[in-house]
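Trainee: need the 3D shape of this:
(2 chains)
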Amino acid sequence: MFIKKLTTVIAISAFATSVSAGCAFENNIELKSLSNSFDAMKSVTEAMAECGNVTSTLDVDFKDKQPEAFAANPSLYQIGGVSNGTMVPLLNAGTIRPLDDLVAKYGSQLKPSQLITVNGQIMAIAMMVNNQHLMYREDIFNDLGIDEPTTHAEMVAAAKFMQSYNLVDYPIGGTYKAGWNLGEEFINNYLGNGGAFFGEGNAPSINNATGVATLNTMKSLTEYMDPEYLVADSTYVQQQFQQGKIAMATLWATRAGAMDNAEESQVVGKVKMASAPMGTTRPASTNWWDGIVLATNMTDEQADAAFRVAMEGIDTEMVQANNDDAVWLIDGYVAGSAAAGAIATANNGAAPYPSSSPGMGAMHTALGNGIAAFLTGKKDAATALADIEAAYTIAATESGLM
Amino acid sequence: MNPKTFAAFVGPSIVMMVLFIALPLASVLKQSFYVTQPVYEILEVETCTPTFTGQLCVKEIKTIPTIGDNGKVITQTSFVGFVNYQNVLELPRVINAFANNSWQQFMAIDFWRALRFTLSFTFITLPLVLFFGLVIALCINNVAKSIRGPVIFISLLPMIITPVIGALAIRWLFIGDGILTSFLEWWLVRDIAMFGQAWTIELMMMFYRVWHVAPFAAIVFYAALQTVNQDTLESAVIDGASRWQKLRYVILPHLMPLIVFVTLIHLMDAYRVFEEVIGFSSQAHVISLQWLTYDFLTSDLMGNRSIGRASASSMLTMIGIMLLLIPVLRGVWIDYKDKRL
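Mentor: As a prediction, the model looks like this:
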C-alpha cells in the first residue's frame, strides 16, 4: 500500500516537473545518463531531467564504468557525457553510435564546431571547451604590488615574496593528487615545454632533459603548497581557494564560476582568471572538450528520445541560465570574466590533450603512479622518469601496442 | 552418521564452494598465464574536434582496435607462460638492486614496495589487535551486569561500520584543517599536515585497522571468558595467585585456541589491506598488494586493463597468505596431535 502510494507520488512529481519546466516535448521513454560530475554537467543533466523520465548519474569515476556499461547489450545507459579523452575507449569499442541522421532531424540549432566527426561521421556533440588556467587573488597581488605571473618562475617568485606577509596559509595550490591528477599536471607542463611522449612504434620518450626540467618545475611549485598536496584534487583546491587559504593555482576553467558563488565562497570578486603559465614553448595546459554521446546498443526509438533530451540539455536556455559554468560552445553564450583565463590560455597556443596517441592511456597511468616518488624525494628525476618508462613499456607490451 | 546422510549434509556446501571459490580461482590461475590483446589495425583517420576558436580537423595515422562483424573488438589470447608473473615481480630489477646493495632501488619496484607495507601493516596491527581485544574483553567482563549489554553494543560499533566509511570518517577528521588536526595544532602550537608524509599516513591506517578489528577479537575473547573454569580460578586464589598470575596462568591458556583463531583471521584479512589505501589516498606514499591488483584491473584512458598481471598478482597474494598461515596452522596441528596422544 505504502509502496504504491510512494510510486504515485514520484510519478506525479516527475509529471509535474515535465509540465512546469522548459522542455519542448514530453519524454515517455525511460532514459539513463552517465557522466562526470562538475557544475556544468549538473546544469546540463538538470535541463535534460525537465523532459521527464531521465535519470542521471554524475560520478567522478565515470570513466571506469562507462566502457563496460556501454558494452552491455542493451546498454545500461543511453546517454553518456564524455570528453576528448574518455570518448576514445567507447569509440574504439564501437559502443557509441553515429549521429548523422539524428542531427539532420533534430540538430538544426547546433553549430558546425559542435559536431565531432571521425572519418566524416558525427560521433559526439560537443557542448563546451575546457583547459587549465591560472587563477589568482587579484586583491593580494595588487596590495603587494606583484604583477600577474606569466611563468612558473614568476609564480614561485611571487609565492616567495608573499610568504613573509602571512596573508594566506599557502601561496600556491595544485591538483597534485597521486594518480590521474598528478599525471595530468605532468602532461600539461611537459607539453608546455615542447616535449613529445612517444618515439617510433609507441616507444616512450620522456626520460630526457625536457622531462627532468618539467619535474623540477613541478617540485619548485610544491615547496609553496600545502604539504598535503599529494591528496589534493580539483575540488579540494577549489575549496582551498574559496576559503581564502591559497593565493594562486592552475586549475580547470570549469572551476572558475565557483569562486563567485556567494553561497560557498569567501573570495567573491577577488579571484582573477589569467592564462596558464608559459612553459618554454606554449602554456602549461591542455585543451579539452566535453560533450554527449549515445550508446550503440539501444533501440532507434530510444536513440531518438535520447537525442532530443540531450538537445534540450544543451540548448540556449540552459546556457543563459548557467553562463559562467563553462566556456560553452552553444549559441547564446557570452564569454564573461570567468572565461578570460581559459580563452587567453587557448590564444597563447595551448595544445589539445594528446588523446589520439594510442599509448596515452598507459602513459597517463604510469605518470600518475610514478611521479610522487620524485616529489617525496625517494627518487631523483632521471630515475623516476626511467621507472615510469619501464612501467609504461610493460603495460603497452601487454596491451599489444609495442 | 552413515555416508549417505553425511553427503546430504555436506553436499550443498561443497557444490557452493566449487562453484564460487574453486572455479573462479582456477579461472584466475589460468588467466595469469595468458594475455588477451585486441587485434590492431593501422588506419588513416580524419577527426574534427572543437577548439576555443572554431573547428580543427586533423588527419592522422592511428593504431586502433579492429571491430568484427558482431560489433565487438576482435581479440586474440595467447599463452605466455610466466611472463605476467615476471612483469609483476620484476626480478631482473630486484637482482640489480641487490647487486648495488640498495634498499632504495629495491623499494622502487611496485610489488616489493607493496609487499613491504603489507607485511609491516599485518605484523604491527596483529599484536595490537590481540592486546586491545583482550583488554576490551576483560573490561566488559568486569563491568556490572546491569550495564554490560550497552557496553558490549558500544564497543562493537567500530566493527559494524562499513570499512570504507570508517576509513573516510577518520580521513575527514585529519585531512587539511580537519577537526582533530586543528585540535592538535592548537594543542602543540605548530602546523601539522597528517597527509603530508608517509609515516603519519601509515600510522592513521594502522590506527584505523586496530580500531576496526579489535572489537571482533574482544567479542570472541569475551565469549571464551564465560567458560573459564571457576574451580581453577578459585584454587589459584587460594594458592595466593595475584591478578596478573591468574591472567597469565589460568585465563590466557584457556583463551589460547581462540587467540590462534583470531590470529589466523587477522593475518588473512590484514594481508588483503585495501580500504585503507583508498580511504586515506595513500598511494603516493604506500601501496598494498591488493591495491596493486586493483590498479592493474583499472582501465586506463584508452580502456585497456592488465587482466594478466592482475591475475598473477592475485595468485601471488594468495600464495603469500598461505605462507603466512602455514606456521600458525602447523602449531595448531602439533598441539592437536599432542592432545590426542
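
Trainee: surely residue B:277 is in contact with residue B:289?
Mentor: No: assessed by CB atoms under 8 Å, residue B:277 is found out of contact with residue B:289, at 10.1 Å. For glycine as for every other residue, the C-beta is placed from the backbone atoms N, C-alpha and C.

Trainee: what is the neighbour count of residue A:26?
Mentor: Residue A:26 sits with 11 neighbouring residues when counted by other CB atoms under 10 Å in any protein chain shown.

Trainee: quick check, it in contact with residue A:51.
Mentor: Yes: applying CB under 8 Å as the test, residue A:26 and residue A:51 come out as touching, 6.9 Å apart.

Trainee: for the closest residue to residue B:55 other than its chain neighbours, give me its contacts.
Mentor: Among residues not flanking residue B:55 along the chain, residue A:113 sits closest, at 4.4 Å (CB to CB, 6 or more residues apart in numbering or on different chains). Applying CB atoms under 8 Å, 6 or more residues apart in numbering or on different chains to residue A:113 gives the contacts A:126, A:329, B:50-51, B:54-55.

Trainee: remind me which residues of chain B are low pLDDT?
Mentor: By pLDDT under 70, the weakly predicted segments of chain B are B:341.

Trainee: gap between the residue in it positioned nearest to chain A and residue A:361?
Mentor: Closest to chain A within chain B is residue B:303: 2.7 Å, counting by CB to the nearest CB. Per CB to CB, to the nearest Å, residue B:303 is found 7 Å from residue A:361.

Trainee: spell out which residues are contacts of both of these two.
Mentor: Joint contacts of residue B:303 and residue A:361 (CB under 8 Å, 6+ apart) are A:88-89.

Trainee: residues from the stretch 151-300 of chain B in reach of chain A?
Mentor: Residues of the stretch 151-300 of chain B lying close to chain A by CB under 8 Å from any CB of the partner chain are B:175-176, B:193-198, B:281, B:283-285, B:295, B:298-300.

Trainee: report the buried members of those.
Mentor: By neighbour count, with 16 or more other CB atoms under 10 Å in any protein chain shown, those hold B:175-176, B:193-196, B:281, B:283-285, B:295, B:298-300 as buried.

Trainee: so residue B:245, which state does it fall into?
Mentor: helix (DSSP: H, G, I helix; E, B strand; the rest coil).

Trainee: what sits against it?
Mentor: Shown in contact with residue B:245 (CB under 8 Å, 6+ apart): residue B:236.

Trainee: ok so, going back, and of the residues of the stretch 151-300 of chain B next to chain A, the nearest to residue B:86?
Mentor: Lowest distance from residue B:86 to those (CB to CB) belongs to residue B:295, with 17.8 Å.

Trainee: which residues sit in contact with that closest one?
Mentor: For residue B:295, the contacting residues are A:369, B:287, by CB under 8 Å, 6+ apart.

Trainee: ok so it is a helix residue?
Mentor: Yes: checked against three-state DSSP, residue B:295 lies within a helix.

Trainee: right, and chain B sits closest to which residue of the stretch 51-200 of chain A?
Mentor: Nearest residue of the stretch 51-200 of chain A to chain B, counting by CB to the nearest CB: residue A:89, 2.7 Å away.

Trainee: any idea how far that residue is from residue B:310?
Mentor: As judged by CB to CB, residue A:89 and residue B:310 stand 18 Å apart.

Trainee: those two: which is more packed in?
Mentor: Ranked by neighbour count (other CB under 10 Å), residue A:89 and residue B:310 place residue A:89 first, with 25 against 22.

Trainee: output the host helix or strand of residue A:346 as PDB, nothing but the C-alphas.
Mentor: Assigned by DSSP states H and E, residue A:346 falls within helix A:340-347. Only the C-alpha atoms of helix A:340-347 are listed here, as PDB (Å, rounded to 0.1, in the frame of the first residue of the first chain):
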ATOM      1  CA  ALA A 340      39.000  35.200 -19.700                       C
ATOM      2  CA  GLY A 341      41.800  32.900 -18.500                       C
ATOM      3  CA  ALA A 342      40.700  29.900 -20.500                       C
ATOM      4  CA  ILE A 343      40.500  31.900 -23.700                       C
ATOM      5  CA  ALA A 344      43.800  33.600 -23.000                       C
ATOM      6  CA  THR A 345      45.400  30.200 -22.500                       C
ATOM      7  CA  ALA A 346      44.000  28.900 -25.800                       C
ATOM      8  CA  ASN A 347      45.100  32.100 -27.600                       C
END
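
Trainee: quick check, whichever helix or strand comes after it touching chain B?
Mentor: Of the helices and strands lying after helix A:340-347 in sequence (DSSP H and E), the nearest is strand A:351-352. Yes: when contact is scored as CB under 8 Å from any CB, part of strand A:351-352 falls within range of chain B: residue A:352.

Trainee: what's the following helix or strand after strand A:351-352?
Mentor: As assigned by DSSP H and E, the chain's next helix or strand after strand A:351-352 is helix A:360-370.

Trainee: so who does the closest residue to residue B:286 other than its chain neighbours touch?
Mentor: Nearest residue to residue B:286 in three dimensions, chain neighbours excluded: residue B:117, at 4.4 Å (CB to CB, 6+ apart). By CB under 8 Å, 6+ apart, residue B:117 lies in contact with B:202, B:286-288.

Trainee: how does it look with 10 Å?
Mentor: B:107, B:198, B:202, B:205, B:273, B:277, B:282, B:285-289, B:291 (CB atoms under 10 Å, 6 or more residues apart in numbering or on different chains).

Trainee: and the residue of the stretch 51-200 of chain A closest to chain B, what does it touch?
Mentor: Applying CB under 10 Å, 6+ apart, the residues near residue A:89 are A:63, A:66-68, A:70-71, A:82, A:95-96, A:361, B:65, B:299-304.

Trainee: count of neighbours near residue B:209?
Mentor: Around residue B:209 sit 25 other residues, with neighbours defined as other CB under 10 Å.

Trainee: that older thread, intersection of neighbour lists for residue B:277 and residue B:289?
Mentor: B:114, B:117.

Trainee: any chance you could map the strands in the chain?
Mentor: With no chain named, the answer covers chain A. Ranges of strands in chain A, per DSSP state E, are A:31-35, A:54-58, A:79-83, A:115-118, A:121-130, A:132-137, A:170-173, A:246-252, A:271-274, A:286-294, A:327-328, A:351-352.

Trainee: my question was about chain B, not that one.
Mentor: Assigned strands in chain B, in chain order: B:34-38, B:40-50, B:55-65, B:75-79 (criterion: DSSP E).

Trainee: please report how far the spatially closest residue to residue A:230 that is not a sequence neighbour lies from residue A:177.
Mentor: Using CB to CB, 6+ apart and skipping residues adjacent in sequence, the residue nearest residue A:230 is residue B:284, 3.8 Å away. Taking CB to CB as the measure, residue B:284 falls 8 Å from residue A:177.

Trainee: give me the common contacts of the two.
Mentor: Common contacts of residue B:284 and residue A:177, defined by CB under 10 Å, 6+ apart, comprise A:229-231, A:368, A:372.

Trainee: can you list those in CSV and add neighbour count and pLDDT?
Mentor: Shown next, in CSV, are those (neighbours: other CB atoms under 10 Å in any protein chain shown; pLDDT from 0 to 100):
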residue, neighbour count, pLDDT
A:229, 27, 95
A:230, 28, 94
A:231, 25, 92
A:368, 25, 95
A:372, 21, 94
